[in-house]
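*Asks:* need a structure here:
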Amino acid sequence: MVYAVACVVDFNKNVLLMEIIGEMRDLPWLGNDVIHVWGLHVPDLLDRIEPLGRILCDREREKAARYHRESDRQASIVSRGALRILLSGYSGEPAAQINFEYTENGKPHMLDSELAFNVSHSGEWVVLAIGRDRKIGVDVEMIRRDMDVLAIASRYFTPEEIARIETAEDRHSVFFQLWARKEAYVKACGSTLFSELAHFSVPMEEGGENDGWIFQRLEAGSEYAAAIVTDKKLA
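*Replies:* Numbering: from 1, shown residues only. Now for the predicted structure:
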């Protein structure tokens, strides 16, 4: 059992459903025209770390063990374990028996399944996005007020995006919103190269499009920024 807040996102109506999910039988139907976005607050799931860890494969356990900070290790276990449980709920396969194939860049996908997913974690939060027969990228970023955002933007952002940050009332919030969108786009494309971030601009308007990709902000409060990118329109 995983307790989480499920946001079923429609890009025209933004959020269709937000409710507490308890048992996997309570999962809302995942149609082809929606993406389910799950937010997991890691500190609330610390008592689930051990059982979640038991359903991971060796590769996932080894990845979690490589983190130096305990909080990052816990977030890794929660994200991968919760993903397995959710995919089990959607597919009917036992969570521990789900097999993944990995791309050259290490992005996992389910064998012989139309389910698509992506995972991100930052600070105390994990975000999981699950859909059908589409490409998905999701990113969550804790807003760090101590960062020199203009210095970082000069390396990874386009001149248009840098100007947007410079003129913003809250530069840090705008920077991290842009970063989350750019990171989600790179992940949706299946890449992991930070060098690519400076080669494209992302739209800031809700449901904005760029070369057929749809960009959407996810509401994450005042301390986090989050975004999702997909290649197909939703109902």
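
*Asks:* What ranges does this structure have for its strands?
*Replies:* Per DSSP state E, the chain carries strands over the ranges 4-10, 14-21, 35-41, 100-102, 108-110, 115-122, 125-132, 136-142, 208-210, 213-218, 224-230.

*Asks:* do you know which of those strands lies nearest residue 156?
*Replies:* Nearest to residue 156 among these is strand 136-142; the distance by C-beta to C-beta comes to 12.9 Å. Bear in mind the C-beta positions are built from the backbone N, C-alpha and C, glycine included.

*Asks:* who does that closest one pair up with?
*Replies:* strand 224-230 (antiparallel) (DSSP bridges).

*Asks:* In PDB, could you pull the C-alpha coordinates for the strand it pairs with?
*Replies:* The C-alpha trace of strand 224-230 is given here as PDB (Å, rounded to 0.1, in the frame of the first residue of the first chain):
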ATOM      1  CA  TYR A 224       9.500  23.800  -5.400                       C
ATOM      2  CA  ALA A 225       9.100  24.100  -9.100                       C
ATOM      3  CA  ALA A 226       7.800  21.200 -11.300                       C
ATOM      4  CA  ALA A 227       6.900  20.600 -14.900                       C
ATOM      5  CA  ILE A 228       5.800  17.900 -17.300                       C
ATOM      6  CA  VAL A 229       6.400  17.500 -21.000                       C
ATOM      7  CA  THR A 230       4.700  15.100 -23.400                       C
END
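
*Asks:* what's in contact with that strand?
*Replies:* In this structure, residues lying in contact with strand 224-230 by C-beta atoms under 8 Å, 6 or more residues apart in numbering are 9, 35, 37, 120, 122-123, 125, 127, 129, 131, 134-143, 173, 176-177, 179-181, 183-185, 187-188, 213-220.

*Asks:* Enumerate every residue touching residue 125.
*Replies:* Residue 125 makes contact with 39, 40, 41, 42, 140, 142, 220, 224 under the criterion C-beta under 8 Å, 6+ apart.

*Asks:* try 7 Å
*Replies:* For residue 125, the residues meeting the contact criterion (C-beta atoms under 7 Å, 6 or more residues apart in numbering) are 39, 40, 41, 42, 140, 224.

*Asks:* Nearest residue to the residue positioned nearest the centre of the chain in space, please, no chain neighbours.
*Replies:* Centroid-nearest residue in the chain, with C-alpha atoms, centre = their mean: residue 138, separated by 3.1 Å. Taking C-beta to C-beta, 6 or more residues apart in numbering as the measure, residue 138 lies nearest to residue 129, with 4.0 Å between them; neighbours along the chain are not counted.

*Asks:* weakest of the strands of the chain in terms of mean pLDDT?
*Replies:* Mean pLDDT across those is lowest at strand 14-21; the value there is a mean of 35.

*Asks:* Show residues contacting the longest helix along the chain.
*Replies:* Secondary structure assigned by DSSP state H gives helix 70-91 as the longest helix of the chain. Residues outside helix 70-91 that contact it (C-beta under 7 Å, 6+ apart) are 2, 24, 27, 30, 38, 40, 42, 45-46, 49, 52-53, 55-56, 60, 63-65, 67, 94-95, 98, 110, 113, 115, 117, 119, 121, 126, 128, 130.
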